[in-house]
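**Q** for reference, the sequence and a predicted model appear below.
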Amino acid sequence: MSAPPDTVLEVDEAEAEAIRNAVRTADPLTLGYGRMLARPEHAAALAHFFADPRVSGAIYDLPRPFTAEVMNTWILESEALRQEGRRLLILTFDETAQLVGYSCITVWPERSAAELAGAIRADRQNEGQGGAGAIHSFGWVFDTLGVRMMGLTAAVDNVRSARLIDAAGFTRMGERDSVRPDGTVRRSLYWEMMAEDWKARWG
Ligand SMILES: CC(C)(COP(=O)(O)OP(=O)(O)OC[C@H]1O[C@@H](n2cnc3c(N)ncnc32)[C@H](O)[C@@H]1OP(=O)(O)O)[C@@H](O)C(=O)NCCC(=O)NCCS
């Protein structure tokens, strides 16, 4: 499951509560066109989306197998965690209401920290959309949720993710073991970024 960043910040209760509140009240449409919180009626579309290994193969923390039932459970769990200020599962739909992307933002309010995982449909990959979208999303997490740091992981062989995370200015912090929901371990590259460094770089 998602693990919090290695760096531990001191966070008082007022800051943690402000972050919880920001997560609960965040409007996905402020992230971009076609964004919405995942709802149970999206379960079948999400299962179909993740059935493509070009979309899901590199993402360690997805619940498997990709059935509508498993997705429904994940959506309900994500909504419960959103109410606690701990997760946002956001889907992206195109003009024809097709699911073309997802982002799962895990938040640790008591650590003032967040992580983001995401993917776009295979026919949209390798055109620069993911890189641009990721930088936009990282900025949205800092600005909208008010966390002071983000940690990111990527499989050691996920060249595209590593390039876009490096390009966003995150600092490489070595490697870590990421634990999949089934308990198996995946070796990951690991990065961190502080909000103040993000603002200095991207405004
Ligand atoms: C990761 C993902 C969001 C990236 O989006 P994308 O639109 O495909 O990627 P981009 O076209 O923006 O490319 C990202 C970078 O990788 C580079 N790249 C792409 N293919 C590459 C390859 N085969 N070898 C080396 N670099 C490559 C691009 O040139 C770009 O770097 P640059 O900005 O320095 O030129 C998308 O590919 C995806 O959804 N992948 C499946 C899920 C996944 O891996 N999610 C991330 C888990 S951490």
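**A** Great, that's in hand. Quick caveat, the model's predicted, so the values are computed rather than measured.

**Q** when you work out contacts or count neighbours from here on, use the C-alpha atoms and nothing else.
**A** Noted.

**Q** just the element for L89, please.
**A** strand 87-93 (DSSP states H and E).

**Q** so what strands line up beside that strand?
**A** strand 35-37 (antiparallel), strand 99-108 (antiparallel) (DSSP bridges).

**Q** would you turn the ones you listed into JSON lines with distance to the ligand, mean pLDDT and mean neighbour count?
**A** Shown next, in JSON lines, are those (distance: least, Cα to the nearest ligand atom, whole Å; pLDDT from 0 to 100; neighbours: other Cα atoms under 10 Å):
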{"stretch": "strand 35-37", "distance to the ligand": "16", "mean pLDDT": "98", "mean neighbour count": "20"}
{"stretch": "strand 99-108", "distance to the ligand": "8", "mean pLDDT": "98", "mean neighbour count": "22"}
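
**Q** make JSON lines from these and add distance to D157 to it.
**A** JSON lines is the format used below for these (distance: least, Cα to Cα, whole Å):
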{"stretch": "strand 35-37", "distance to D157": "29"}
{"stretch": "strand 99-108", "distance to D157": "21"}
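
**Q** what about G57, how many residues nearby?
**A** The local packing of G57 (other Cα atoms under 10 Å) involves 12 other residues.

**Q** distance check, it against H48.
**A** Noted for G57: a distance of 14 Å to H48, by Cα to Cα, to the nearest Å.

**Q** can you tell me which residue is spatially central in the protein?
**A** L116 (2.3 Å; Cα atoms, centre = their mean).

**Q** quick one, what contacts that one?
**A** Going by Cα atoms under 8 Å, 6 or more residues apart in numbering, L116 touches S103, C104, I105, T106, F138, G151, L152.

**Q** ok, and the closest non-adjacent residue to A195?
**A** R148 (4.9 Å; Cα to Cα, 6 or more residues apart in numbering).

**Q** need the phi and psi values for the one you found.
**A** The phi and psi torsions at R148 (degrees, to the nearest 10) take the values phi -100, psi -10.

**Q** pretty sure it sits against S112.
**A** Yes: using Cα atoms under 8 Å, R148 is in contact with S112, at 5.4 Å.

**Q** just give me the longest helix of the protein.
**A** Assignment by DSSP state H gives helix 68-83 as the longest helix of the chain.
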